[in-house]
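Novice: got a sequence here, can you build the structure:
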Amino acid sequence: MGFSTVIRIPQILLTGLICIWSLGLAAQESKDTTSESRVLIENADKSINEIKDKKNRQYLKGNVRVIHDSIFMFCDSAILYENQLQAIGDVIIIQDDTIRIFSDSLYYDGDSKYAELFYGVVLENKEKKMFTERLYYDLENKFAIFPDTCLLINRDLKLSSLRARYNVRNNTAYFYEEVTAIDGQTSFKSDSLLYDTDIDRAYFITSTYIQQEDKRIYCEEGFYDLLDKRAYFSGNPVYFSKDQLARSKHMSFSGADSLTILYGDAYVKDSVSEARAEKISLDEKTNDIILEGDASYAEADKFIEGEIISYNQETGDVRIGGEAKIEMEEGILSGDSLDYINLSDLGKVMGGAIWRDTIDNREIESDVFLYREKDEYFKAIAESRRPLVKQLVDKDTLYFSADTLVSAKDSLDGTQFMEAVRYVKIFKSDLQAVCDSMFFSERDSIIFLHGSPIVWSDTTQFTADTIKLVLKDDEIKEIIASSNAFIISNEVDEYYNQIKGSYIHAYLDSNRLQKMIVRGNSESLYFIRDEEDAMLGPTRTICGHMAFYFNASDLLTVRYYAEPDSELIPIQKASADELRLKDFKWSEQLKPKRWQDVLKVSRSLAGTDVSRKPQDEYEKDVNEIIKKANAIKGGKK
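Specialist: Numbers count the residues shown, from 1 in each chain. Prediction:
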């Protein structure tokens, strides 16, 4: 653009010019004020006066110095005619302490204080320089117009446009038509841009495109601070970075910490995920993304909701606070807060945690929930209340609770299983149970009850060392009691029908007893009535193998195998011991009467202090990993 002619003024000459300007100011103070409206010649090596039509024209050459009011001008040669000056060669204008203008030639009207400068024009104001080939400058109002291509340079900033205006008085420069700005690694392209030269801030006033390395931003309004590399974008802003797209009502960017913040209907999308919130913070240094206010995050097989969601794009770690919710392929997990460490595949949900298995129609509620996402492993632990499971069975809801509940996939065949440990209680409208532990696998659809199990079906009580509940088509079809099996049903008042043996197998239809097989040291005690329904007494039978057949839970017939030994004891002669088989124990007080009872633990059932919780290595690992992750995250801040 031919700017080299401006820079060739020696430093000693500039110093001399400033001294001359200072002397001129002192001399000006002693002059008559009437001379301030005239352009005055202070020096010229050669001067020729020409008078034509009674008008004086002066030709000046060599070290020309001119003063007008507080404006000083220097050039190689000049023509002064009726308060108008034409200057050629190394033109310099000095105004105030900070404004200097350099050019190859100049036209100046002393009456209006209006100047036109041509070729290699440079306007300097403090450390800022503006370059062009043509400049119109109002020295009275300190207002510059750049009708030709303009370039502003300020530290690392280079800003150019086809047209520009600069109000020196209020430090405002307006660039328009093909505006381009480069500040280090940041560049701007726009049709119009406003630049505050005092605070070094560029305002975007129309469609603007910003690029910084691999980041691109579009906006229609906003600003950019050159000193601290901060920016604000509004007017439909859109953010692109690699495969990431973001948009919101407003955006801010801080170059010092590489932090981009989106405000109002914020949205971020990449090749694998989508995120929405009222506010989204993107940290390029740590790869952390924080979603705040009605936040949601979605992947191919996962949907997360919460008041605050933070996740790391590099590690995959997730933290959710305030009504946390994760929708996965297998179901929905929710709670007050959630922490997930991706590298270790460890997750922890705290406060009102709920797991809804949408495939198996199962729901688990717990204060604390641990999980491994890849293994579909879930563990509920008792805190202020015991974990609760709600399972749809036979068009009815089965409730059960324990101190610890585990749901996972079998490592052998991938089938799902569930385990309940310590003080298990089960409630269904037509079946209830208590035991120390429970296990269920989809492989065989059998519920195993261990540790002093008790099962109630209608008015019948089952006890044994182990009890199995066999499910088919979501119905309990069989009850199998193994080792020390004992069945009791209340006949009336204190009279109980009783069956015991090594093994008892009961078959049900629509939850009603149809058949019952008893094997191994079988004994039965059944109360007999006469035709008028009067109680005759108990019939006690000992046999190796028995079979009972029912209709609507009423006993129809009994078959005895292997030489039964039976005895009818008249009710009037029967002693208390004769009304009970050995090891008889009616435990109606332990039976859950409603589903809420499964959340309560009886000391007589537990036998130990229920406040003592078992050691859990998995939970220890989760807490330790989350603690370390928090420490690392805290160190980054």
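
Novice: is Glu50 bridged to anything, and to what?
Specialist: Glu50 has these beta-bridge partners by DSSP bridges: Arg57.

Novice: how about the contacts made by it?
Specialist: Going by C-beta atoms under 8 Å, 6 or more residues apart in numbering, Glu50 touches Asn56, Arg57, Gln58, Tyr59. No exception for glycine: its C-beta is placed from N, CA and C like everyone else's.

Novice: so can I have a markdown table of those showing distance to Leu405 and neighbour count?
Specialist: Below are the contacts of Glu50 laid out as a markdown table (distance: C-beta to C-beta, whole Å; neighbours: other C-beta atoms under 10 Å):
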| residue | distance to Leu405 | neighbour count |
| --- | --- | --- |
| Asn56 | 108 | 11 |
| Arg57 | 106 | 13 |
| Gln58 | 104 | 16 |
| Tyr59 | 105 | 15 |
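
Novice: let me see the contact set for Asp474.
Specialist: Leu392, Val393, Asp394, Lys395.

Novice: isn't the first one up against Ile359?
Specialist: Right, the one you point to is Leu392. No: counting by C-beta atoms under 8 Å, Leu392 sits too far from Ile359 to count as a contact (11.5 Å).

Novice: who has more neighbours, those two?
Specialist: Neighbours were counted for Leu392 and for Ile359 using other C-beta atoms under 10 Å; Leu392 has more, 13 against 9.

Novice: so the more buried one: helix, strand or coil?
Specialist: strand (DSSP: H, G, I helix; E, B strand; the rest coil).

Novice: and the gap between it and Gln432?
Specialist: Distance of Leu392 to Gln432, given as C-beta to C-beta, to the nearest Å: 17 Å.

Novice: distance check, the residue nearest to Ala408 when sequence neighbours are not counted against Tyr526.
Specialist: The shortest distance from Ala408 to any non-neighbouring residue, by C-beta to C-beta, 6 or more residues apart in numbering, is to Tyr377 (4.2 Å). Separation of Tyr377 from Tyr526 (C-beta to C-beta) stands at 48 Å.

Novice: so Val272 sits in a helix?
Specialist: No: using three-state DSSP, the assignment for Val272 is coil, not a helix.

Novice: neighbours around it, how many?
Specialist: Neighbour count for Val272, taken as other C-beta under 10 Å: 10.

Novice: number of residues surrounding the residue nearest to it when sequence neighbours are not counted?
Specialist: Using C-beta to C-beta, 6+ apart and skipping the chain neighbours, the partner closest in space to Val272 is Glu299 (5.9 Å). Neighbour count of Glu299, defined by other C-beta under 10 Å: 12.

Novice: so in terms of bridging, what pairs with Glu299?
Specialist: Beta-bridge pairing for Glu299 (DSSP bridges): Lys302.

Novice: low-confidence ranges, the stretch 251-400 of the chain, go.
Specialist: The stretch 251-400 of the chain contains no residues with pLDDT under 70.

Novice: that older thread, which one (most neighbours) among the contacts of Asp474?
Specialist: Ranked by the number of neighbours (other C-beta under 10 Å), the contacts of Asp474 place Asp394 first, at 19 neighbours.

Novice: OK, contacts around the closest residue to that one other than its chain neighbours?
Specialist: Spatial nearest neighbour of Asp394, chain neighbours left out: Glu475 (4.3 Å); criterion: C-beta to C-beta, 6+ apart. Glu475 makes contact with Val393, Asp394, Leu508, Ser510, Asn511, according to C-beta under 8 Å, 6+ apart.

Novice: wait, what's in contact with the last one?
Specialist: Contact criterion C-beta under 8 Å, 6+ apart gives Asp394, Asp430, Leu431, Ser457, Asp458, Glu475, Ile476 as the residues in contact with Asn511.

Novice: if we ignore the residues flanking it in sequence, what's nearest Ser254?
Specialist: Spatial nearest neighbour of Ser254, excluding adjacent residues (C-beta to C-beta, 6+ apart): Arg230 at 5.4 Å.

Novice: so what sits opposite the one you found in the bridge?
Specialist: Asp225, Ser254.

Novice: near it, how many other residues are there?
Specialist: Counted with other C-beta under 10 Å, the neighbours of Arg230 add up to 16.

Novice: check contacts around it.
Specialist: By C-beta under 8 Å, 6+ apart, Arg230 lies in contact with Tyr224, Ser252, Phe253, Ser254, Gly255, Ala256.

Novice: can you put these in CSV and add neighbour count?
Specialist: Converted to CSV, the contacts of Arg230 look like this (neighbours: other C-beta atoms under 10 Å):
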residue, neighbour count
Tyr224, 25
Ser252, 17
Phe253, 25
Ser254, 15
Gly255, 18
Ala256, 8
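
Novice: now these as a markdown table including distance to Glu563?
Specialist: Formatted as a markdown table, the contacts of Arg230 follow (distance: C-beta to C-beta, whole Å):
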| residue | distance to Glu563 |
| --- | --- |
| Tyr224 | 102 |
| Ser252 | 93 |
| Phe253 | 94 |
| Ser254 | 93 |
| Gly255 | 97 |
| Ala256 | 96 |
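
Novice: which strands or helices does the strand or helix carrying Gly347 pack on?
Specialist: If you go by DSSP states H and E, Gly347 is part of strand 346-357. Where contact means 3 or more C-beta pairs under 8 Å, 6 or more residues apart in numbering; DSSP states H and E, strand 346-357 is packed against strand 331-341, strand 362-372, strand 377-381, helix 617-636.

Novice: Phe131 reaches Val121, doesn't it?
Specialist: Yes: using C-beta under 8 Å, Phe131 makes contact with Val121 at a distance of 6.9 Å.

Novice: and the two? Which one has more around it.
Specialist: Counted by other C-beta under 10 Å, Phe131 and Val121 do not tie: Val121 has more neighbours, with 30 against 22.

Novice: for that one, report the pLDDT, please.
Specialist: pLDDT recorded at Val121 is 96.

Novice: which residues does it form a beta bridge with?
Specialist: Applying DSSP bridges to Val121, the residues it is bridged with are Thr132.

Novice: which parts of the stretch 151-300 of the chain are helices?
Specialist: With DSSP state H, counting those that start in this stretch as the definition, the stretch 151-300 of the chain shows no helices.

Novice: what's the closest non-adjacent residue to Phe462?
Specialist: Val455 (4.1 Å).

Novice: against Glu494, how distant is the one you found?
Specialist: Distance of Val455 to Glu494, computed by C-beta to C-beta: 22 Å.

Novice: show me what contacts the residue lying closest to Thr186 once chain neighbours are set aside?
Specialist: Distances taken as C-beta to C-beta, 6+ apart put Gln212 closest to Thr186, at 4.5 Å, once the chain neighbours are dropped. Taking C-beta under 8 Å, 6+ apart as the contact definition, Gln212 lies against Gln185, Thr186, Ser187, Gly255.

Novice: can you check the pLDDT for Gln212?
Specialist: 83.

Novice: so, low pLDDT: which residues of the stretch 451-600 of the chain?
Specialist: In the stretch 451-600 of the chain (pLDDT under 70), the answer is 553.

Novice: picking up where we left off before, report the beta-bridge partners for the residue nearest to Ala408.
Specialist: Arg372.

Novice: and the one 4 residues further on, by the same measure?
Specialist: Listed beta-bridge partners, Ile381: Val368, Thr404 (assigned using DSSP bridges).

Novice: what about it, how many neighbours?
Specialist: Other residues near Ile381 come to 22 when the count uses other C-beta under 10 Å.

Novice: cool, Val318 as well?
Specialist: Val318: 22 surrounding residues under other C-beta under 10 Å.
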